[in-house]
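*Asks:* Turn this into a model:
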Amino acid sequence: MAETEHELKFAETVSIGTELLLGQIVDSNAAELGALFAECGIGHRYRQTVGDSLPRMVDGLRLALSRSDIVITIGGLGPTADDLTRQAIAEALDDELILDDSVKKHLIDLLEKRRVPIVESQFRQAMRPSCSEIIPNPNGSAPGLIARKGGKIVVALPGPPNEFRPMIRGAVRDLLVEQGDGVIASHEFRIVGVSEASLDEQLADLMSAEDVTLAPYAKLGEIHLRATTRAADSNEAESKMQNVIQTIRSRMGNTVYSESGQTLAEAIVAQLRSLGQTLGVAESCTGGLLGGAITSVSGSSEVFAGGFLTYATEQKHLMMGVPHEILRSPDMGAVSEECALAMAEGVRSKLGVDWGVSITGVVGTEEYEENGVQKPNGLVFIGVAGPNGAKAHRNLFMGSRETVRGRATAQALILLRRHLLKIELD
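*Replies:* Next up, the predicted model:
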């Protein structure tokens, strides 16, 4: 069915917080909502950011309600005096705030469990417009809400991403699908080892198709590709989607590491568990980020033995057994293929694990001089040692110190996965 402007409903986001206006926080939440609107068949024309001022918040909400069917606010739901979103929504809708007894009881139980003193200001979070219903918050104290009045819908969501995301993928998505045009079906592929340009070339015909929309999102070292279609009923949507899913699987092969929302670290832990194998890491320039990524996965203790943080050059010798001949050589040094190999083999031997992964490199803002040789910022060597031998990989990453550290961590995970799956390596 062709869409017309009359049939299509429009949403608007209103992000609350002076810190957003000052650039102290990047509004990634609004970007995620924009993607969700497209996924659910909701139009999206406007996005506002408003400081912590009640009159300006009310004005912003009234403007949004005058031109959009659905208004979603982000932030301003906490217990402090400048958390004014509930009050602003009530005023914009000409409604009154009421105390929700079930939320108040939940807050008391939560605070007592955490052994936090109960003060009256906490109960601001239990207030809501009388025309609204509560969205439970499993990760925090401030619930969200959905208000309906005069054919308009206002949704209020908390600002912290770990509280915001479960709500938009749960109650808010359900609401948007209900308000959207037709039935929505979507499927996400998580892909590593290909560039956006290469992905676009391999899927060019699908990218230009009208029945199913493909939206690639570049993440750190990987691409998340979401396929979305809209149809009159679920059977038609499923039929459209399956053809595209099978085509993408066939063309992208083992570059797809997940279709279920797994992170790359989760996929690696699952692969190690299925193989009955174990892992240890030795890190220098990443300062523990690789070990942190692995241990963020529930159950990783079954496969992850531990790691070493060998930041100083001499510690690479003392802890990992890297020979001084490597560390002091102008042709090698601490930032070299040979050092990365020795570190990976050293951690594998020290911990008695099946796999050892090492990272050593330059993550300053300028070139680094080692043993009389200049080495560029972003030069990183990653070593992987396993049952069938060891290999070191040279990388040159661009960006700030933190960007290089993040890219090096992501690349180490990607390379470990390739070794585990015995994918041909460059």
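*Asks:* Roughly how far does the most centrally placed residue in the chain sit from residue 263?
*Replies:* Nearest residue to the geometric centre of the chain (Cα atoms, centre = their mean): residue 219, 8.0 Å. In this structure, residue 219 and residue 263 are 10 Å apart, going by Cβ to Cβ, to the nearest Å. Glycine gets a C-beta too; all of them are placed from N, C-alpha and C.
*Asks:* for this structure, which spans come out with low pLDDT?
*Replies:* 1-7, 425-426 (pLDDT under 70).
*Asks:* which stretch of helix or strand covers the residue in the chain sticking out farthest from the centre?
*Replies:* Relative to the centre of the chain, the most outlying C-alpha is that of residue 325, 42.0 Å out, by Cα atoms, centre = their mean. Residue 325 is located in helix 324-327, with elements delineated by DSSP states H and E.
*Asks:* tell me which residues of that helix are tucked away?
*Replies:* 326-327 (16 or more other Cβ atoms under 10 Å).
*Asks:* again with stretch 116-132
*Replies:* Neighbour-count burial for stretch 116-132 [16+ other Cβ under 10 Å]: 122-129, 131-132.
*Asks:* Now go through those and say which are in strands.
*Replies:* Applying DSSP state E to the buried residues of stretch 116-132, the entries found in strands are 127-129, 132.
*Asks:* farthest-separated two in the residues you listed?
*Replies:* Between any two of those, the greatest separation by Cβ to Cβ is 10.1 Å, found for 127 and 132.
*Asks:* one step back: format the ones in strands among the buried residues of stretch 116-132 as TSV; extra columns: distance to residue 244.
*Replies:* Formatted as TSV, these follow (distance: Cβ to Cβ, whole Å):
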residue	distance to residue 244
127	46
128	42
129	42
132	38
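*Asks:* Roughly how far does the residue nearest to the centre of the chain sit from residue 44?
*Replies:* 22 Å.
*Asks:* is it true that residue 144 touches residue 137?
*Replies:* Yes. With contacts counted by Cβ atoms under 8 Å, residue 144 reaches residue 137, the gap being 6.5 Å.
*Asks:* Endpoints of stretch 168-187, how far apart?
*Replies:* End-to-end distance of stretch 168-187: 17 Å, with Cα to Cα, to the nearest Å as the criterion.
*Asks:* Which phi and psi values does residue 306 adopt?
*Replies:* The phi/psi pair for residue 306 (degrees, to the nearest 10) reads phi 150, psi -170.
*Asks:* check contacts around it.
*Replies:* By Cβ atoms under 8 Å, 6 or more residues apart in numbering, the contact list for residue 306 reads 280, 291, 351.
*Asks:* cool, and residue 189?
*Replies:* Residue 189 touches 224-227, 248, 252, 256, 258-259, counting by Cβ under 8 Å, 6+ apart.
*Asks:* Please repeat the previous calculation with a cut-off of 10 Å.
*Replies:* 199, 214, 216, 223-227, 245, 248-249, 252, 255-259 (Cβ atoms under 10 Å, 6 or more residues apart in numbering).
*Asks:* ok now do residue 112, which residues does it touch?
*Replies:* By Cβ under 10 Å, 6+ apart, the neighbours of residue 112 are residue 118.
*Asks:* Pull up the gap between it and residue 105, please.
*Replies:* 11 Å.
*Asks:* where along the stretch 201-350 of the chain do the strands fall?
*Replies:* Remark: strands assigned in the stretch 201-350 of the chain by DSSP state E, counting those that start in this stretch are 212-219, 222-231, 256-258, 279-283, 304-309.
*Asks:* Quickly compare those strands and say which is most buried.
*Replies:* Burial of the strands of the stretch 201-350 of the chain is given as mean neighbour count (mean count of other Cβ atoms under 10 Å); strand 279-283 ranks first at a mean of 28.
*Asks:* what angle sits between that one and strand 304-309?
*Replies:* 10 degrees (axes from the mean of the first three to the mean of the last three Cα atoms, to 10 degrees).
*Asks:* Strand 279-283 pairs with which strands, parallel or anti?
*Replies:* strand 304-309 (parallel), strand 355-361 (parallel) (DSSP bridges).
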